[in-house]
Each structure stands twice: as structure tokens, then as C-alpha cells.
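Q: Here is a sequence together with a model predicted from it:
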Amino acid sequence: MARHGDRTPFLLQLFLLLLLHLGGTLGCALVAVDSPIVPLGSAVRASCTIRSELCHILERVKVQITWMLDNEPMAGSQHQGPEGTEVSNLTLPQFSHRQAKLWCCVEWNRTKQRVGMVEIRAGYPPAKPFNLSCILNLTDYGLTCQWEQGANSHLPTNVVLKCAGYPRAHSSRCCRNRAQAVTGCTPESGRSHCTVPRRLLQLYRQMELWVSASNALGTAESEHLCIDPMDVAKLDPPVLQSIQSIPFQTDCITLAWEVARSTAHMELQCELRYRAPEDPAWALVSGIAGQAGTTQCCGFLFGTQYRFQMRCRRSSARGYWSEWSLGMNYTTHEKAPTGKLDAWWSTQLAKGVGLEVQLRWKALRQREANGQVLGYRVTLSPRRRGWDPPTVCNTTHTQCNFSVLVGTRRVYISAYNAAGESAATEVILLERKGQPLAGLRVVPRGEHSLWVRWEAPPTPAIAYVLEWQQVSSEPSSCSTCWQMERDGATTTALIRDGIEPFQRYNISVYPLYKDAIGVPVHTAAYSKQKAPSYAPKLHLRRISKSEAELCWDPVPVEMQNGFITSYTIFWADSTTDVSSAVLNPSLSSFVIQELRPSTLYKVHIMASTAGGSTNGTSLTLVTTVLDDIEIQFLFLTLGLIFVLLILLLICFQKNGRVKQQFWPSVPDPANSSLGKWVPAELQEEPLQVPGVREPGPATISTVTVLEKAAGKQPTTWSKEPATETTSTFPTLPQPYVRQETPGTLGHSRAAMQPHRGPGGSGETVQYARVMGDRYKGQQHVPPRLYLRSSSTQPLLLDASPSPKPYENLGFHQFHGAAPQGCPEDGGWPEEPPATFPLLQGLRIGGAEELQD
């Protein structure tokens, strides 16, 4: 039972949805509005009625009616109607949709179910058509009318062209006495023209036509048009037959034509138009009778080509003109040129006695040329009857260069064509020495013209000559870039020939006097300016740690497109804002200051004119760490250091020579052959080498004096007192030991015994062994050895480096005292021994006692 109870609501909902869906179709709900088409923006009232007898399933539930305009919910009022119906009313105060659907819905099971709908459209009444016009085509005699529809009504609109005829001839004004109106034609959808067929037309009688537009909101009609269809007929154009000049040497022509066959029975009025290729507009000739077939016209230029056309319409002056006929070209006969030539010249001295003349002139206008000019002739004298002067120039151009003798002041120029030659124009070659203008100014008049204004000179001029030349990198000349103003009172002129925008022109104005030409005044101008085509390219001239000098080439005149007003330099690094400097356009270089050392900068230049600015390409530069002077000083310092290093290296390589030069080498007796020889008596004596000991009192070791022969008494000199006794040495050498007090060795010398060879001969044997000792930790100072050679003076041998390799003992002082055995004056005994005995074993305890 529980499961059956749960299934019942679902089935009931499904059945109700099906019933509601079918009920909308069967009329379960009725939706009504005042009108399904309403004016746009007006109020709309609607009602929805639910019939209970058609919606039995809703009897058990409370019906709640809601509204939806398309998908937008709307709130309405609901009440109970008769016979158990539920009614809901809705009022829309302003319906702003062009088309929308209004739905009636019921709330059931928390959902909105649509049970009824009505579609509403909104728009405007049709606009009144206007500008109705009709044309009758004589080919098929159909009347084509067109009009303008007016504003869109946004509603389906029915448009028709209606027409009605009158039973008899009637005036052009429309009245009510007309036949029944009929539909003449209906335009295609979206079009505003249609054609009334011939069967509905009444030719040569008045008809009334109008346009009717209607929709659900109303009807509108255009103004009624009352016309005779033949009055609006558009005739076929005539055909031109021939044109000829008659009589000869006049400015008149005769023209013949033929009308179209469809208009042969009509009285026509025609017009003729013609113009030359250089004429800006057509010349019109009216009042020509169409049936005449020929006409004469005058006032044409000689030797000029013209184009002729003709058109016609009915003589009643009603209806439309036909199209212009096909054109026909005709050239009138020629006549000898007339008028004077405007000439301008310049002269310069040639080699010898000649004068170079450049003569320029303006070509004759067509009205004066009277045909095609075949050439120009320049002579030095005028032409007379029966005599032709010699020709110095015969050309088809408007410029001639020739030479004349100095002093020639007049030349003559004339033009000729196939019909004859014009009268000669006299040209007086005046000197350019007159007064110049007081002022000159040029302003643009347009892209292809310049307006020139000047102040008259103090002396009145009879005419003015204006010259202009385009400024370019390559020199050029223009034979037509000048004009003459013959009115001496004028102070303005308009230049039109050869003026192009964005190009610079040099303009000169010459005042002409009766007997001279004024000195010209010059100026430059543009008809229009714009930004330069490109900016100059920057070049780096020099750079330091705080400055950079830039230079650039000027922009060519052809690419400036205007007057350069300024150059602007922009520079910036990666961290600071952009800096700039505005420069005079005459400059071509600039120095950027206050830059930071070893920094990368981006630099570019901008060229400006009155018409705009153009940026150049960017230049990247990096400032140096040092200035040029600092770099030079650094290189100089490094060079000096390098030279010193080279010198030191050479010194180290040549160490021996340098040492020998400043510290000469002293021979070491220990390395001599004598020092290596030891007598046999000493070989048996052990050599005592002092050990390393602490500093203490200096001691003297054993001194042994060897003699070669026995019985010889040694001779000694000593600082010791005379208390010591000297005994006779035995045959064998005896040691001589002397004990000195500490510190006395530095002021004493070991006495040396001279020794002679056997028999008292002069042979001398010299040998010695010197052994020294030093204190522990003290550098070794070699002792000094005094030897007596075979010479008469004693010598001191010093093992220590000294700039003096030998020292005279006789002049050496021992702290102010001479050694014992020597005279006070430093001399020697009267009979000094020939030799010194050998000091074999002199041992010293320290180095400081051997300083002297």
C-alpha cells in the first residue's frame, strides 16, 4: 500500500502535464488582448481565463496564474470568474518590443506551465510617400513612376500606385471629377518604383496618379500627380550628321542633324553644346528648331578642336529632355598667330667680343595661336616687306641660346603655323642695375600654387617678372618656370605652373623699368609641408668618460619635405629618464655632457618641420672609464714601469758584471794554492775547529811561526808590552801562544816573523792558514791577513767584500795608535826583515773584534 501510495503522485503529475499541454490546444486557457498590433510604445491590456470544465484536473488544486512576455516574468491580477473560471488581467503601460509573445502560465508543482499565448506586434502607421515622378517611354509607351517611401513603419505595409483618368480633356490641376481609381502597378518588395502598362494610360489626356501605403495601423497617400503622359515622355536623342566651317576665314560653323523616328511627328525644341579640350565647361546654344535639321553657330577659335552634342524635347516645354546625342569632334580652320609673346632673358659675356644670350618666352595661348604653332623664329632685326632678316634661332621649344656681338640691345621673336606667321615681338636686352623690391613674402595658396606678395620699389615699375626654381641636390633649369605681370601697379601674383607639394622652391622677383631691370629679391617657400622622409644618421666623433660628441649629415633638400625648424637629440641609459636637447637646424654636431663613466647609452635624433617630425635610427655608445689624458698618463706610467722591469731583468742577467762594477771581488787566500799547502810538520798536528758556542770573550788560538832553516831568529812586532821575552826558536817550529784579554783582538795584530831562505838569500817563502770563528747565531765576518811580500811595504789581505782590494799597512791606523815595532809616523824599521813568518793557526773567538 505504501509503495502504491508513492507511485500515485508521480502518475498524477504526468497525467496533469499531458492534460495541460493538450488543454492549451483544446482551449483550456483563453488569452485575449485589445489588439495584436499596437503602436510602438502604447499600452497593452491582456486577460487569461482558465475554464474548469476543460481542465478537470485543476479542480482539486488552487490555480495560480502568472504571465511571461517572451522569457520575462510579468505580474498580473487574478480573480474568480463566472462558472468556476479563474481570470487574470495584465496591463503593460508601454509596449517597447517590435514583436513579442505573451504567455499565460499556471503554477503547479513549483513549476510554470504555459497554457495559452498571444503574439503582439508594434510599429507605426505608414509614412506618407513623396517626390512622385513619372516618365513615359516611347519605345513601349509604358509609364514608369518612382517615389520615396519615407520612414520604416516596422509593420507589414501594402504599397500600390493608383491612377484614374478623366472622361475628357482637362487642365493640369486635379479635381474630383475623375473616373474610378484603379491600381496601376504594385512595386516589388523593398522597391519604390513600378511601371503602369500602356493599356491603363490615356495619351494626350490628363491622368491622376498617386501612391497609397497601408498597414494595420493606418493608410497614407502621396500628393496626387495630374499629367498628360505625353508631357512626361522622354524622347529619343537626335543624331548629328555633319559639321563644317563656312565661310572660310570666319569663326562660324554649320551643323546638321536628324531627329529620331519616334519623334518625327512631333514639334521639337533642341539644344547644342560644345567645348574645347582645355575648356572647363560646355558652351550651350538654345532655341534650335528640331525640324530644321541644320543650324549655324559662331564664336569659335581658329585651329581648335571642339566636341559637339545635341538633345531635344517637345516644343510645349513640358516633359523631359532626351539624352545627349553621341558626340562629334570637329577642328576649325587655322589662321596666322596673333598677339605678342612674353619674353625673358639673361646674358653673360663670352670669350672674345661676344655675348651669350639665353632667351625664353611663353607659348601663345590657343586664342592667340589660331591653330597649331609649328615653331618660333628669333632674328636680330624686324621683318620688312620683301626682305627676311637672318635667323639666329628657329626652334619648336620656348627657349633659345645664341651669341651676339657686345652692344646688341634688341632681338625679335615671332611664331608661325600652317596659315602664316605672327608679327614680331621686340625684346630689349636691358641691364640689371635698377632698384630692387622693398620686400618679398610668399605664402601657400594650395598644394599646387603659391601666393607671392611684394612691396613696390621707390621707383615705379612698368612690369614685374617672377622666377621660381625647384631646389634639388642636382642643378636643373626650367624654361617655363617664370611669368610676367604687365601691370606695374600690382603687388601680388599667383604661381601655378610646376608647383608640387613638399618641394622647396627659390622664388625671385625682378622689377622692370623703362631703361633697366631691377636687382632681384629672393626667397624660398613650400606649397605644403610634412614630416621629413627620414632623419639624419648619427655618427660618433669622439667619446670620453663624461662627454660624447655626435655629428650628422644634413637631410637632402628633396627629403626634407619642409623647412627644418629644429633637431632634437634624445639620450638615455637603462636606469635614468630620457634627456633631450633642441638644436638649431644649422648645426651638424653636438656634445652630450654630464655622462656617467663606463655606461651604455641609447641616442637618436629627431628632425622637425612645420608639418611633423621624424625620428632617426638609434645609436648605441658606451662611455670610457678614463679620459684621453688619463689614458695617456696611464700608458706612460706603465711604459716607465716596463722599462724599469726590463732594466732590472738585465741587471739580474748581468749580475756578475754589476757586482764586479760596484763590489769588486777580493781574492780569498783560502782558495789559493799556498793556502792549500800544509808543511809536513803541521800535518801531524790535529786541527782544532772551534765549536759553536754562545757569545763570550774573544780568544786567540795558537800562532805557529815556521821557518825554513834553523837558527834564525824571528823578528816580531807586537802591541804587547816589552815584558815578554823572545827566545831562540829551535829547528822545529814552535808554537807561539799569546793570551789576550777579551775585546783586545780588534786592536792588536799578530806579529809576523820574516824568514829568509837558506844562506840568507832573498828567497821568501810565504804561506799562511787563517781560521776564524764566530759566535753562535752571528754572521761570519772574514778576518784580515797581513802579509809581507818581497816588496818594501806590507800588504793587508781582507777576505770581506770591500771596494778596496788592498790597503797599505803603513798608512792604516789602529784607532790612533801605530803597531809596535813601527815608528810613530807609520814608517818601518831601518832594516825590516825581508819576509814575514807564516801565521798558521790564528783562531779568533768573535767577529766584532775584527772590525778593523
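A: The structure has been received and is ready for your questions. Numbers count the residues shown, from 1 in each chain.
Q: ok, now which ones touch residue 342?
A: 361-362, 483-484 (CB atoms under 8 Å, 6 or more residues apart in numbering). Every residue, glycine included, has its C-beta placed from N, CA and C.
Q: Could you report the pLDDT at it?
A: Model confidence at residue 342, given as pLDDT, is 90.
Q: Check residue 66 too.
A: For residue 66, pLDDT reads 88.
Q: Any chance of the contacts of residue 342 in TSV with distance to residue 644 and pLDDT as columns?
A: Below are the contacts of residue 342 laid out as TSV (distance: CB to CB, whole Å; pLDDT from 0 to 100):
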residue	distance to residue 644	pLDDT
361	87	93
362	88	90
483	84	92
484	87	92
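Q: ok, which pair from these is furthest apart?
A: Greatest spatial distance among the contacts of residue 342 (CB to CB): 361 and 483, at 11.5 Å.
Q: higher neighbour count, these two?
A: residue 361 (25 against 19; other CB atoms under 10 Å).
Q: For the more buried one, give its distance to residue 431.
A: Shown here: residue 361 relative to residue 431, a distance of 20 Å by CB to CB, to the nearest Å.
Q: How about residue 33?
A: For residue 33 relative to residue 431 (CB to CB), the value is 103 Å.
Q: In terms of neighbours, single out the busier of the two.
A: Neighbour count, other CB under 10 Å: between residue 33 and residue 431, residue 33 has more, with 17 against 10.
Q: show me what contacts the closest residue to the more buried one other than its chain neighbours?
A: Spatial nearest neighbour of residue 33, excluding adjacent residues (CB to CB, 6 or more residues apart in numbering): residue 46 at 4.5 Å. Counting by CB under 8 Å, 6+ apart, residue 46 touches 31-34, 67, 76, 89-92, 102, 118.
Q: now, which of those sits nearest residue 355?
A: residue 92 (102.1 Å).
Q: Please report how far the closest one lies from residue 123.
A: Taken as CB to CB, the span from residue 92 to residue 123 is 16 Å.
Q: Check residue 36 too.
A: Separation of residue 36 from residue 123 (CB to CB) stands at 12 Å.
Q: Of the two, which one has the most company?
A: Here residue 36 and residue 123 are compared on neighbour count by other CB under 10 Å; more neighbours surround residue 123, at 20 against 13.
Q: Just grab the bridge partners of the more buried one for me.
A: Here residue 123 sits in beta bridges with residue 39, going by DSSP bridges.
Q: Surely it touches residue 97?
A: No: assessed by CB atoms under 8 Å, residue 123 is found out of contact with residue 97, at 10.6 Å.
Q: residue contacts, the closest residue to residue 502 other than its chain neighbours?
A: Nearest residue to residue 502 in three dimensions, chain neighbours excluded: residue 561, at 4.3 Å (CB to CB, 6+ apart). Neighbour list for residue 561: 502, 529-533, 609, 611 [criterion: CB under 8 Å, 6+ apart].
Q: same deal with residue 76?
A: Per CB under 8 Å, 6+ apart, neighbours of residue 76: 46, 48, 65-67, 88-91.
Q: how about the strands in the stretch 201-350 of the chain?
A: With strands called from DSSP state E, counting those that start in this stretch, the stretch 201-350 of the chain shows them at 207-215, 218-221, 225-227, 233-234, 239-245, 253-258, 268-275, 283-289, 294-297, 305-314, 328-331, 343-349.
Q: In TSV: the ones you listed, plus distance to residue 383 and mean neighbour count.
A: Below are the strands of the stretch 201-350 of the chain laid out as TSV (distance: least, CB to CB, whole Å; neighbours: other CB atoms under 10 Å):
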stretch	distance to residue 383	mean neighbour count
strand 207-215	74	21
strand 218-221	81	14
strand 225-227	69	19
strand 233-234	60	20
strand 239-245	29	15
strand 253-258	33	18
strand 268-275	36	20
strand 283-289	37	13
strand 294-297	36	14
strand 305-314	30	20
strand 328-331	29	16
strand 343-349	17	15
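Q: now those in CSV, with distance to residue 647?
A: Formatted as CSV, the strands of the stretch 201-350 of the chain follow (distance: least, CB to CB, whole Å):
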stretch, distance to residue 647
strand 207-215, 119
strand 218-221, 120
strand 225-227, 124
strand 233-234, 119
strand 239-245, 114
strand 253-258, 114
strand 268-275, 104
strand 283-289, 108
strand 294-297, 116
strand 305-314, 103
strand 328-331, 106
strand 343-349, 76
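Q: hang on, the earlier thing: now restrict the contacts of residue 561 to buried residues only.
A: In those, burial by neighbour count holds for 502, 529-532, 609, 611, counting by 16 or more other CB atoms under 10 Å.
Q: So which of those residues is the closest to residue 623?
A: Among the buried ones among the contacts of residue 561, and counting by CB to CB, the member closest to residue 623 is residue 532, at 29.5 Å.
Q: That closest one contacts residue 606, doesn't it?
A: No: counting by CB under 8 Å, residue 606 is not a contact partner of residue 532; they are 9.4 Å apart.
Q: anything in contact with each of those two?
A: Counting by CB under 8 Å, 6+ apart, the common neighbours of residue 532 and residue 606 are 613-614.
Q: returning to that earlier point: highest neighbour count among the contacts of residue 76?
A: Most surrounded of the contacts of residue 76: other CB under 10 Å gives residue 48, at 27 neighbours.
Q: Check what pLDDT it gets.
A: For residue 48, the predicted pLDDT is 91.
Q: next one: residue 584
A: For residue 584, the pLDDT comes out at 94.
Q: and it, how many neighbours?
A: 9.
Q: which one is it nearest to, not counting chain neighbours?
A: Using CB to CB, 6+ apart and skipping residues adjacent in sequence, the residue nearest residue 584 is residue 566, 7.1 Å away.
Q: try residue 397
A: Using CB to CB, 6+ apart, the closest residue to residue 397 is residue 479 (7.1 Å).
Q: cool, and residue 428?
A: residue 410 (5.7 Å).
Q: My read is that that neighbour contacts residue 427, right?
A: Yes: checked against CB under 8 Å, the pair residue 410 and residue 427 is within contact range at 6.9 Å.
Q: Compare the two and say which one has the larger neighbour count.
A: A count of neighbours by other CB under 10 Å puts residue 427 above the other of residue 410 and residue 427, at 20 against 12.
Q: Identify the bridge partners of that one.
A: Beta-bridge partners of residue 427, as defined by DSSP bridges: residue 411.
Q: And it, how close does it get to residue 667?
A: As defined by CB to CB, residue 427 lies at a distance of 120 Å from residue 667.
Q: With residue 356 instead?
A: Applying CB to CB to residue 356 and residue 667 gives a distance of 106 Å.
Q: more neighbours, the two?
A: residue 356 (14 against 11).
Q: gap between the two ends of stretch 418-429?
A: This stretch, stretch 418-429, spans 30 Å end to end (CA to CA, to the nearest Å).
Q: who's in contact with it?
A: Under CB under 8 Å, 6+ apart, the answer for stretch 418-429 is 302-303, 333-341, 343, 345, 347, 357, 359, 361, 364, 370-372, 374, 377, 379, 382-383, 408-416.
Q: and if you look at stretch 277-286?
A: Applying CB under 8 Å, 6+ apart, the contact partners of stretch 277-286 are 271-275, 295, 297, 305, 366.
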